[in-house]
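Peer 1: Give the three-dimensional model of this entry:
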Amino acid sequence: MRTVTLLLCCSVFTYVTAGAAETNDVPITEWQSRLAATESTVLPSFRAGVLTNAEAARHALPQRATVAGRIEVTATGARADFGAHQVQFRPNVADVEPVQLTTPDGTLLRPRILGLCYVDQDSGESVLIAEPKYSVGQITDANRILFANAFDDVSADVLYTYTSRSLEQDVIIRKQLAQPRELGLTGTNIFLAVMTEFINPPTLQRKSKPITVADPLAAARSVQLDDEEIGLGSMRIVRGKAFSLGNDSQPIPVTKRWEVLEGRQFLVESTPLNWIAPQLAALPRLAGEPLKREPQSLKQLLAAASRNAEREARSSTPGAGVLPGQMVAVSTVKHDDEPGVVL
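Peer 2: Sure thing, here's the model as predicted:
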């Protein structure tokens, strides 16, 4: 039986050496080749495709030729420090500060994932799909931490991958999502988005850089999408191109935008829903009816999600039958053991 796994995108915080060309000005495949020539790791790109589990092991989140170290369990969670940057992970993905990343120049970044949402690009309305809940991380490889079943209302995981030059954040959707119309959005230009808040970040560098790409559903038509270059200290949030494994002639863009609201700052990464709908539809169905949501502006949704995240972090406890846990290293659990759509 063919197992469906769609690789779409991930947040990649990448170390940029002084004087290096901006990564967004270099084709991602060329940049990977340059890095591979000087490093024992390969910078992951944003990838998309339908593949078997065996293929996923080779291509989904690229395997490195050599991992110089490994993520270590600590009394407060886990630590990765065998690269140019250091990362501290809390055991619970719904913690108030689940990730603390110190860049090579000493800048502290504190991202926390807020959830998934749909955004109507025409009306400006958005609707929440899911928010994080209590989930204890498992170190599944030398450089990966998996937070399984990490959201309410959907079946999805959060995966972090650490390399000597980057930190990646992926959301792996395991079962079908509710349709936008079921949640109150009736438009046709809907994007699926991942929301991440940065707690008190340093001054960042931003530059608008729209991209023009071929519509994968109508190759003769070009589409322009808004995108931004974002730099934080000596690290940069890399723009990647999603593409179908086995058919990389139709890249799928993953765009990002930075939102500031009442002193809070957010990264929103999104991709057109209709471009990935067939792959989502191939996932197993999620039992039960979707929770009714009220459409609102994206800024209203971000503010509410941030407040909810703080409330969840302070009251977060294991559900029924789940024991409180410390992060552990396991070898029997892998992120690609089951079907999934990775965002």
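Peer 1: Is Leu280 part of a helix or strand, or is it coil?
Peer 2: Classification of Leu280 by DSSP: H, G, I helix; E, B strand; the rest coil places it in helix.
Peer 1: That one touches Ile173, doesn't it?
Peer 2: Yes: because the distance of 7.1 Å satisfies C-beta atoms under 8 Å, Leu280 is recorded as touching Ile173. For the C-beta atoms, the positions are set from N, CA and C on the backbone; glycine is no exception.
Peer 1: quick one, which of the two is more surrounded?
Peer 2: Ile173 (27 against 18; other C-beta atoms under 10 Å).
Peer 1: okay, that one: pLDDT?
Peer 2: You'll see Ile173 listed with a pLDDT of 85.
Peer 1: isn't it right up against Ser155?
Peer 2: Yes: with contact defined as C-beta under 8 Å, Ile173 and Ser155 form a contacting pair (7.3 Å).
Peer 1: Could you list the buried residues of the helix ranked longest in the chain?
Peer 2: Counting residues, the longest helix found in the chain (DSSP state H) is helix 298-315. Using 16 or more other C-beta atoms under 10 Å as the test for burial, helix 298-315 gives Leu298, Leu301, Leu302, Ala303, Ala305, Ser306, Ala309, Glu312, Ala313.
Peer 1: Out of these, which two sit at the greatest distance?
Peer 2: Leu298 and Ala313 (22.2 Å; C-beta to C-beta).
Peer 1: and the residue nearest to Asp152 when sequence neighbours are not counted, how many residues sit next to it?
Peer 2: Excluding the flanking residues, the one nearest Asp152 by C-beta to C-beta, 6 or more residues apart in numbering is Lys133, at 4.8 Å. When neighbours are defined as other C-beta under 10 Å, Lys133 has 19 of them.
Peer 1: Report pLDDT for Lys133.
Peer 2: On the pLDDT scale, Lys133 gets 93.
Peer 1: Use 407 as the first number for this chain going forward.
Peer 2: In the new count, where the first residue is 407, that last one comes out as Lys539.
Peer 1: gap between it and Pro504?
Peer 2: Look at Lys539 and Pro504: by C-beta to C-beta, to the nearest Å, they are 12 Å apart.
Peer 1: now do Pro684
Peer 2: 32 Å.
Peer 1: Which one's more surrounded, those two?
Peer 2: Pro504 (25 against 12).
Peer 1: Contact partners for the nearest residue to the more buried one once chain neighbours are set aside?
Peer 2: Leaving aside its sequence neighbours, Pro504 sits nearest to Arg496 (C-beta to C-beta, 6+ apart; 4.8 Å). In this structure, Arg496 makes contact with Thr482, Gly483, Glu503, Pro504, Val505, judged by C-beta atoms under 8 Å, 6 or more residues apart in numbering.
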